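**Student:** Next come a sequence and a model predicted from it.
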Amino acid sequence: MNKLREMRLKKKIASKDMADKLGISVAFYSQIENKNRRLTYDMAVNIANIFKCKPDYIFYEEYKKEFENRGCNEMK
């Protein structure tokens with residue numbers, strides 16, 4: 001389970017509520033959580049604002065792992 005989903009569940013926010021706050025469909029939001037859709041920077045900022053934190057707090061570690069899995073070492 002990724003950090004975004006963990007945070008959402010911890011705060012007891014439904015996927016529909018997240019989608020409504022972001023102005024997107026529930027299907028679109030679900031694709032974000034399931035890593036089937038890449039985030040724009042603006043969307044990452046909007047999501048982070050809901051949780052009152054910075055986008056890096058939510059997304060950086062997973063992005064870093066993905067980057068390293070592609071054989072890139074610049075982010076270490």
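**Tutor:** Arrived safely. Numbers count the residues shown, from 1 in each chain.

**Student:** mind checking how far the helix ranked longest in the chain is from the chain centre?
**Tutor:** Counting residues, the longest helix found in the chain (DSSP state H) is helix 55-69. On the basis of C-alpha atoms, centre = their mean, to the nearest Å, helix 55-69 is displaced by 10 Å from the centre of the chain it belongs to.

**Student:** Now find how far off-centre stretch 2-12 is within its chain.
**Tutor:** 10 Å.

**Student:** for the record, mean pLDDT for that stretch?
**Tutor:** For stretch 2-12, the per-residue pLDDT values average out at 96.

**Student:** list the buried ones in it?
**Tutor:** Residues of stretch 2-12 classed as buried under the neighbour-count rule (16 or more other C-beta atoms under 10 Å) are L4, M7, R8. For glycine as for every other residue, the C-beta is placed from the backbone atoms N, C-alpha and C.

**Student:** Stretch 42-49 too?
**Tutor:** For stretch 42-49, a neighbour-count test (16+ other C-beta under 10 Å) marks M43, A44, N46, I47, A48 as buried.

**Student:** Can you list the residue ranges for helices in this structure?
**Tutor:** Chain-ordered helices for the chain, with DSSP H as the definition, fall at 3-10, 15-22, 26-33, 41-50, 55-69.

**Student:** what angle sits between the last one and helix 3-10?
**Tutor:** Read it as helix 55-69. 140 degrees (axes from the mean of the first three to the mean of the last three C-alpha atoms, to 10 degrees).

**Student:** helices or strands next to helix 55-69 in the packing?
**Tutor:** If contacts are counted by 3 or more C-beta pairs under 8 Å, 6 or more residues apart in numbering; DSSP states H and E, helix 55-69 sits against helix 3-10, helix 41-50.

**Student:** CA atoms of that helix as PDB?
**Tutor:** Once side chains and other backbone atoms are set aside, the C-alpha atoms of helix 55-69 remain, and they are given as PDB (Å, rounded to 0.1, in the frame of the first residue of the first chain):
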ATOM      1  CA  PRO A  55       4.400  16.700  -1.900                       C
ATOM      2  CA  ASP A  56       7.800  15.200  -1.200                       C
ATOM      3  CA  TYR A  57       6.500  13.800   2.100                       C
ATOM      4  CA  ILE A  58       3.900  11.800   0.300                       C
ATOM      5  CA  PHE A  59       5.600  10.900  -3.100                       C
ATOM      6  CA  TYR A  60       9.400  11.200  -2.900                       C
ATOM      7  CA  GLU A  61      10.300   7.800  -1.500                       C
ATOM      8  CA  GLU A  62       8.200   5.900  -4.000                       C
ATOM      9  CA  TYR A  63       9.500   8.000  -6.900                       C
ATOM     10  CA  LYS A  64      13.000   7.400  -5.700                       C
ATOM     11  CA  LYS A  65      12.500   3.600  -5.600                       C
ATOM     12  CA  GLU A  66      11.000   3.700  -9.100                       C
ATOM     13  CA  PHE A  67      13.900   5.800 -10.400                       C
ATOM     14  CA  GLU A  68      16.500   3.500  -8.900                       C
ATOM     15  CA  ASN A  69      14.700   0.400 -10.300                       C
END
